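Student: quick check, what structure comes out for this input:
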Amino acid sequence: QVQLVESGGGLVQAGGSLRLSCAASGRTFSTLNMGWFRQAPGKERDFVARFTRTGIKSYGDSVKGRFTISRDNTKNTVHLQMNSLKLEDTAVYYCAADVTPSTVTYWGQGTQVTVSS
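Tutor: As a prediction, this is how the structure comes out:
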């Protein structure tokens, strides 16, 4: 079992930046593929970024070049640096663990990100 706790969400103006953090516990963090997803009102939950245990990063098309995922295996944390935020980035952002291209085993509770004009 893995517990995930997100932090860092909030309200930001378009063009601004936010950094989300996720603290994980319950399993050896370095063995986990970690990721971020988001869900806007009335829409499905979408993939944002993934950082595998072997060091491979991947991003959703809509965030490439603007968002950066990082992890610190010594602190059991994963981060999402979000730059050049757009109105359409407004969503609840979820941290995820044990992420494959088609499945997620563990979810955090989510943190709201609101981008205003």
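Student: any weak-confidence spans in the protein?
Tutor: For the chain, no stretch is flagged by pLDDT under 70.
Student: what sits against the spatially most central residue of the chain?
Tutor: In the chain, the centroid-proximal residue (CA atoms, centre = their mean) is residue 36; its distance is 2.6 Å. Residues in contact with residue 36 (CB atoms under 8 Å, 6 or more residues apart in numbering) are 20, 22, 48-50, 69, 78, 80, 93-96. All C-beta spots, glycine's among them, are computed from the backbone N, C-alpha and C.
Student: 7 Å instead, please
Tutor: By CB atoms under 7 Å, 6 or more residues apart in numbering, the contact list for residue 36 reads 48-49, 69, 80, 93-96.
Student: how about it: what's its closest non-neighbour residue?
Tutor: Distances taken as CB to CB, 6 or more residues apart in numbering place residue 48 nearest to residue 36, at 4.3 Å, with adjacent residues excluded.
Student: what about that neighbour, neighbour count?
Tutor: 24 (other CB atoms under 10 Å).
Student: tell me the first helix or strand C-terminal of the host helix or strand of it.
Tutor: Assigned by DSSP states H and E, residue 48 belongs to strand 45-51. For strand 45-51, the following helix or strand on the C-terminal side (DSSP H and E) is strand 57-59.
Student: mind checking how far that next one is from the chain centre?
Tutor: 11 Å (CA atoms, centre = their mean, to the nearest Å).
Student: which residues does it contact?
Tutor: So strand 57-59 is contacted by 49-51, 67, 69 (CB under 7 Å, 6+ apart).
Student: let's see 10 Å
Tutor: Under the criterion CB atoms under 10 Å, 6 or more residues apart in numbering, residues 35-36, 47-52, 64-71, 99, 101 lie in contact with strand 57-59.
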